[in-house]
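Trainee: heads up, no residue letters with this:
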């Protein structure tokens with residue numbers, strides 16, 4: 001395993017393991033090692049058996065393999081039967097281009113969302129198997145302090161869409177405008193939450209997250225018993241791995257297929273499209289312009305975090321090229 005020079009959580013400079021800020025946010029202020037007590041499962045039969053058994057228990061859906069961990073004193077370990085997991089571990093997946101870059105890609109994208117744009121995200125970090133192979137780890141936000149779960153529903157459920165009634169593409173057949181209508185329906189403080197939603201939709205466009213489908217947005221119960229948008233999760237630059245579209249949802253931003261003049265002329269989404277989108281979902285025009293502003297700026301911190309990330313040098317260059325290309329489309 002190569003020497004670590006940046007915190008595998010916050011990407012802060014000058015750390016060869018987790019920084020104090022990362023330990024506080026992600027690991028309850030406990031001194032946790034960035035190395036898991038396991039071999040890579042595919043290379044070790046005993047570990048593979050443990051991981052197969054663990055997969056049966058986790059209730060998080062999705063294509064990518066996910067495993068359940070908890071913090072036992074200062075040690076991360078796989079959950080056993082009857083135990084409530086506190087963390088989700090996502091090892092390197094299969095059947096994608098540049099699969100070895102997936103954990104670092106998701107980690108970087110989540111960190112940029114939180115640190116550069118102030119988007120509330122699930123706490124996360126990178127963690128490594130004994131041979132140095134990276135995995136992405138995220139802290140569950142649906143676990144209450146007493147160990148029980150907060151209520152949570154994704155927007156596929158809120159839209160009444162399942163594989164049985166809408167087919168295999170059920171989580172993609174929608175628009176972001178229609179998703180906003182569900183926010184208005186199910187969240188009492190929707191005007192506050194809509195600002196967060198708008199920023200997240202713009203972020204997903206800017207950072208080429210073609211996986212922002214209905215199951216990757218959720219509402220989360222609060223201590224008061226009402227619901228708000230959950231922290232953002234599963235943010236990743238999918239263009240590094242697949243040749244996908246600008247938006248995960250088939251209809252894109254608008255339920256009626258609206259296109260701005262800029263879009264008609266260039267074939268690319270422009271800030272005019274996002275201004276129209278913001279107005280349609282109930283945000284005042286001056287507020288939309290203010291929310292858009294950070295995304296139109298050249299954010300040097302994006303470059304700093306990317307260069308500190310655990311991506312390969314080639315992937316860092318591609319990541320920044322994709323970001324700058326999308327930002328230029330918006331200008």
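Mentor: Cool, got the structure. The structure presented is a predicted model; accordingly, all values stated were derived computationally and were not measured.

Trainee: okay, helices next: where are they in the stretch 1-150 of the chain?
Mentor: 20-26, 45-55, 102-115 (DSSP state H, counting those that start in this stretch).

Trainee: actually the stretch 201-331 of the chain, sorry about that
Mentor: Assigned by DSSP H, counting those that start in this stretch, the stretch 201-331 of the chain shows helices spanning 261-266, 271-280, 285-296, 300-308, 313-330.

Trainee: ok, back up a step: lowest average confidence across the helices of the stretch 1-150 of the chain, which one?
Mentor: Within the helices of the stretch 1-150 of the chain, confidence is poorest for helix 45-55, with a mean of 49 (mean pLDDT).

Trainee: would you list the helices of the stretch 201-331 of the chain in CSV and tack on mean neighbour count, mean pLDDT and distance to residue 93?
Mentor: C-beta coordinates here come from the backbone N, C-alpha and C atoms, glycine included. Conversion of the helices of the stretch 201-331 of the chain to CSV gives the following (neighbours: other Cβ atoms under 10 Å; pLDDT from 0 to 100; distance: least, Cβ to Cβ, whole Å):
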stretch, mean neighbour count, mean pLDDT, distance to residue 93
helix 261-266, 12, 94, 33
helix 271-280, 20, 97, 31
helix 285-296, 15, 97, 28
helix 300-308, 16, 98, 21
helix 313-330, 16, 97, 15
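
Trainee: ok, which of those comes nearest residue 126?
Mentor: Between residue 126 and the helices of the stretch 201-331 of the chain, the tightest spacing by Cβ to Cβ is seen for helix 300-308, at 11.9 Å.

Trainee: give me phi/psi at residue 236?
Mentor: Per-residue torsions, residue 236: phi -160, psi 150 (degrees, to the nearest 10).

Trainee: and it, what does it touch?
Mentor: The contact partners of residue 236, taken as Cβ atoms under 8 Å, 6 or more residues apart in numbering, are 102, 105, 106, 109, 209, 211.

Trainee: for ChimeraX, what selects the buried ones among these?
Mentor: Applying 16 or more other Cβ atoms under 10 Å to the contacts of residue 236 leaves a buried subset, and the ChimeraX line that selects it is:
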select :102,105,106,109,209,211
